[in-house]
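**Q** A predicted structure for the sequence below; I have some questions about it.
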Amino acid sequence: MLFRSRFLLLLALAALLAFVSLSLQFFHLTPVSTAKNGASSKSRKRVMPEPVTEPPVTDPIYEALLYCNIPSVAERSMEGHAPHHFKLVSVHVFIRHGDRYPLYVIPKTKRPEIDCTLVANRKPYHPKLEAFVSHMLKGSGASFESPLHSLPLYPSHPLCELGELTQTGVVQHLQNGQLLRDIYLKKHKLLPSDWSTDQLYLETTGKSRTLQSGLALLYGFLPDFDWKKIHFRHQPSALFCSGNCFCPVRNQYLEKEQRRQYLLRLKNSQLERTYEDMARIVDVPTKQLRAANPIDSMLCHFCHNVSFPCTRNGCIDMEHFKVIKTHQIEDERERREKKLYLGYALLGAHPILNQTISRMQRAAEGRKEEVFALYSAHDVTLSPLLSALGLMEARFPRFAARLILELWQDREKPSEHSVRILYNGVDVTFHTSFCQDHHKHSSKPMCPLENLVRFVKKDMFVALGSSGSTSYYDACHKEGF
Ligand SMILES: *[C@@H]1O[C@H](CO)[C@@H](O)[C@H](O)[C@H]1NC(C)=O
Ligand SMILES: *[C@@H]1O[C@H](CO)[C@@H](O)[C@H](O)[C@H]1NC(C)=O
């Protein structure tokens with residue numbers, strides 16, 4: 001019970017913090033150089049919030065609440081913001097699946113009792129929830145690439161299975177879809193009313209939670225969810241690297257990164273004591289407990305307001321949770337400094353970014369196919385993408401996180417195309433490594449498409465520091481790395 005009231009108190013505190021930080025962001029809609037050019041700064045004022053990606057604060061409870069992403073009031077979002085003379089050409093959406101049941105169980109404890117059926121009288125709720133379920137029931141005619149057709153189209157177990165999407169997860173993506181629909185379809189008319197299959201590009205990994213998240217988002221997004229027009233492709237790799245996954249140097253970076261993680265953990269004696277204490281409570285060797293990745297399960301307890309498990313030796317509690325979560329935040333900070341992960345991320349994200357710029361270039365040439373691309377993915381997809389783009393300060397992808405690349409055309413100069421990058425509704429365009437200085441020289445509140453193209457085709461490999469690599473293949477096979 002102590003846990004419950006403390007949870008409520010912390011929730012209130014976090015809500016206050018979130019409000020303060022949001023209002024701070026809001027009131028920081030500061031133009032960058034107002035003095036010189038009144039006209040351009042006026043438009044900039046509207047479209048460029050600052051600061052956009054403040055580094056994570058070290059309050060573990062606040063961070064955990066952001067991670068849960070519990071649907072509440074309509075959030076502020078900057079998607080689709082552009083001066084009137086810009087036309088939206090295409091949109092590329094990368095999502096993490098919504099809230100899910102843990103992938104691991106804490107050994108020798110009762111797993112959290114979470115109900116994965118979708119019902120109207122449980123919170124969080126979305127007005128389209130029932131319609132979503134009945135539409136999914138009719139989905140047998142869907143054309144999915146194998147092996148996707150064997151997956152259930154919506155979560156349905158009264159006691160969630162491991163990794164299953166929850167009602168919270170469905171609602172998060174119905175909300176994402178609705179938000180994108182209001183902006184991209186209603187406001188910017190990205191799709192004509194008689195849109196066809198080939199105007200969408202849909203791809204998901206082979207997990208039910210990613211397919212279902214993608215479907216929920218599309219159900220919220222599309223004005224008429226016609227099963228005949230929905231074609232999901234299957235992506236076997238969480239990096240979405242398709243036919244270009246073989247990259248030995250990327251794996252070497254990953255091994256070094258894992259070694260760094262391991263050493264940092266060893267240095268944290270408080271963390272070791274916490275694991276030992278938890279292992280004592282559940283009565284397994286410390287090693288086994290650590291291997292069971294208890295934070296995944298604890299986050300589920302936390303996000304769903306279910307008290308942590310107890311045994312006759314005692315209870316896992318909020319103090320354990322805080323220590324592990326604080327270590328995670330520290331780990332991310334060191335990860336940014338040491339740059340090993342960056343090497344992994346640049347090589348890991350190249351194939352999907354390369355594919356995305358090709359799709360953008362085709363749209364820029366006036367082709368009408370694939371103007372809306374959706375990749376339904378994981379934290380291990382979004383995280384490398386964020387790092388590769390240079391968004392080092394961005395938070396670890398929360399449930400239902402969304403990273404969006406928008407392609408725009410300047411009607412006054414039709415040959416010029418620009419991109420905007422948004423993470424969870426925040427405009428991070430000028431925080432990317434390829435557009436950091438751009439706004440200081442330009443009156444446009446966006447980044448030239450060429451910057452992104454040059455980055456993906458060439459500068460990504462320069463950023464790797466492996467002297468001389470000019471192609472993905474080179475960089476992946478560098479001798480003596
Ligand atoms: C958490 O659970 C307690 C008891 O079940 C309940 O009273 C409280 O309202 C819940 N808190 C939230 C934020 O849902
Ligand atoms: C990058 O895209 C081009 C054009 O679509 C393609 O020919 C090439 O194989 C891609 N390279 C990688 C490494 O993905």
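**A** That came through, no problem. Ligands and ions are numbered 1, 2, ... in the order given.
**Q** state the mean pLDDT of stretch 246-253.
**A** For stretch 246-253, mean pLDDT rounds to 96.
**Q** so which bits of that stretch are buried?
**A** 247, 249-250, 252-253 (16 or more other C-beta atoms under 10 Å). (C-beta placed from N, C-alpha, C; glycine too.)
**Q** okay if I get those residues as a markdown table plus secondary structure and distance to residue 474?
**A** Formatted as a markdown table, those follow (DSSP: H, G, I helix; E, B strand; the rest coil; distance: C-beta to C-beta, whole Å):
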| residue | secondary structure | distance to residue 474 |
| --- | --- | --- |
| 247 | coil | 11 |
| 249 | helix | 10 |
| 250 | helix | 13 |
| 252 | helix | 15 |
| 253 | helix | 15 |
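**Q** pLDDT below threshold where in the stretch 301-450 of the chain?
**A** Scanning the stretch 301-450 of the chain for pLDDT under 70 picks out 440-441.
**Q** list, one by one, the residues from it near ligand 1.
**A** Neighbours of ligand 1 within the stretch 301-450 of the chain, by C-beta under 6 Å from any ligand atom: residue 305.
**Q** just want the residue of the protein that's nearest ligand 1.
**A** residue 305 (3.7 Å; C-beta to the nearest ligand atom).
**Q** these two touch, right, residue 200 and residue 372?
**A** Yes - counting by C-beta atoms under 8 Å, residue 372 is a contact partner of residue 200 at 5.3 Å.
**Q** quick one: contacts for residue 340?
**A** By C-beta atoms under 8 Å, 6 or more residues apart in numbering, residue 340 lies in contact with 253, 256-257, 260.
**Q** how about the strands in the stretch 151-300 of the chain?
**A** 200-205, 231-235 (DSSP state E, counting those that start in this stretch).
**Q** got JSON lines for those, with distance to ligand 1, mean neighbour count and mean pLDDT too?
**A** Shown next, in JSON lines, are these (distance: least, C-beta to the nearest ligand atom, whole Å; neighbours: other C-beta atoms under 10 Å; pLDDT from 0 to 100):
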{"stretch": "strand 200-205", "distance to ligand 1": "31", "mean neighbour count": "23", "mean pLDDT": "98"}
{"stretch": "strand 231-235", "distance to ligand 1": "34", "mean neighbour count": "18", "mean pLDDT": "96"}
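**Q** tell me which residue of the stretch 101-250 of the chain lies closest to ligand 2.
**A** For the stretch 101-250 of the chain, C-beta to the nearest ligand atom, closest residue to ligand 2: residue 244, 4.3 Å.
**Q** ok, that residue to residue 134 distance?
**A** Going from residue 244 to residue 134 by C-beta to C-beta, to the nearest Å gives 40 Å.
**Q** who has more neighbours out of the two?
**A** Legend: neighbour count by other C-beta atoms under 10 Å for residue 244 and residue 134, higher for residue 244 (17 against 8).
**Q** the more buried one and residue 472 touch, don't they?
**A** Yes - counting by C-beta under 8 Å, residue 244 touches residue 472, with 6.8 Å between them.
**Q** find residues that contact each of the two.
**A** Common contact partners of residue 244 and residue 472 (C-beta under 8 Å, 6+ apart): 350-351, 354.
**Q** re the thing from before, got a markdown table for the buried residues of stretch 246-253, with distance to residue 78 too?
**A** Output for the buried residues of stretch 246-253, formatted as a markdown table (distance: C-beta to C-beta, whole Å):
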| residue | distance to residue 78 |
| --- | --- |
| 247 | 34 |
| 249 | 36 |
| 250 | 32 |
| 252 | 38 |
| 253 | 32 |
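**Q** for ligand 2, what are the nearby residues on the stretch 151-300 of the chain?
**A** residue 244.
**Q** okay, and for the stretch 151-300 of the chain, where does confidence drop off?
**A** In the stretch 151-300 of the chain (pLDDT under 70), no residue qualifies.
**Q** thinking again about what came up before, among the buried residues of stretch 246-253, which one sits closest to residue 98?
**A** residue 250 (28.2 Å; C-beta to C-beta).
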